[in-house]
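**Student:** Generate coordinates for the sequence data below:
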Amino acid sequence: MKRPAGSKITLALAALLAMPAARGALGDVEASIEVDRLAMHAMQQTTRTPRFTMHELRAPSGTTVREYVSPAGTVFGVAWQGPTLPDLRQLLGAHFDEYAAAAAERRTRRSPVLVQLPGLVVQSAGHMRAFVGKAYIPQALPPGVAVAEIQ
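**Tutor:** Purely as a prediction, here's the structure:
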């Protein structure tokens with residue numbers, strides 16, 4: 001039995017909606033950074049070094065996000081600064097839920113955030129029009145790369 005063309009389109013749309021959204025994020029591959037650039041409507045500048053590649057994304061809002069990629073092609077760190085906080089769910093990807101749970105356990109809401117878990121470190125501070133922070137996967141840092149280089 002042949003299906004009407006409308007039902008094929010409906011099935012195709014349902015399949016697309018069921019697929020998880022592709023996002024660039026901490027722990028993902030380098031190619032995923034393009035997803036972040038598009039979501040932020042950002043300009044991109046790439047700097048390559050022998051130890052890592054840094055992709056700097058500048059959003060129209062003035063916020064800058066830097067994503068650090070190992071020679072193996074994995075995003076091992078992200079950093080941000082600017083007048084608005086970037087979408088941390090997008091930047092942290094699969095690590096966002098563990099970050100959110102750890103941040104929710106904090107006693108004070110007005111001090112800088114420091115989350116140190118075995119597979120994730122997040123530092124975030126600031127207030128309206130002046131946010132700064134970074135997140136990284138300690139085990140994914142390439143040899144010879146210091147945490148201080150993620151900025």
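**Student:** could you dump the host helix or strand of residue 90 to CSV, C-alpha only?
**Tutor:** Using DSSP states H and E, residue 90 sits within helix 88-92. The C-alpha trace of helix 88-92 is given here as CSV (Å, rounded to 0.1, in the frame of the first residue of the first chain):
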residue,chain,number,x,y,z
LEU,A,88,26.0,27.5,30.1
ARG,A,89,23.7,24.6,29.2
GLN,A,90,25.1,24.8,25.6
LEU,A,91,28.7,25.4,26.6
LEU,A,92,28.9,22.7,29.2
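**Student:** Now do it: everything it contacts.
**Tutor:** The contact list for helix 88-92, computed with CB atoms under 8 Å, 6 or more residues apart in numbering, reads 23-26, 35-36, 39, 65, 67, 78, 80, 96, 99, 120, 122, 124, 135. Using the backbone N, CA and C atoms, a C-beta is placed for each residue, glycine as well.
**Student:** Restricted to helices, list these.
**Tutor:** Where the contacts of helix 88-92 overlap with helices, as defined by DSSP state H, the overlap consists of 35, 36, 39, 96, 99.
**Student:** hang on, the second one packs against residue 63?
**Tutor:** Right, residue 36. No. Taking CB atoms under 8 Å as the definition, residue 36 is not a contact partner of residue 63, at 11.7 Å.
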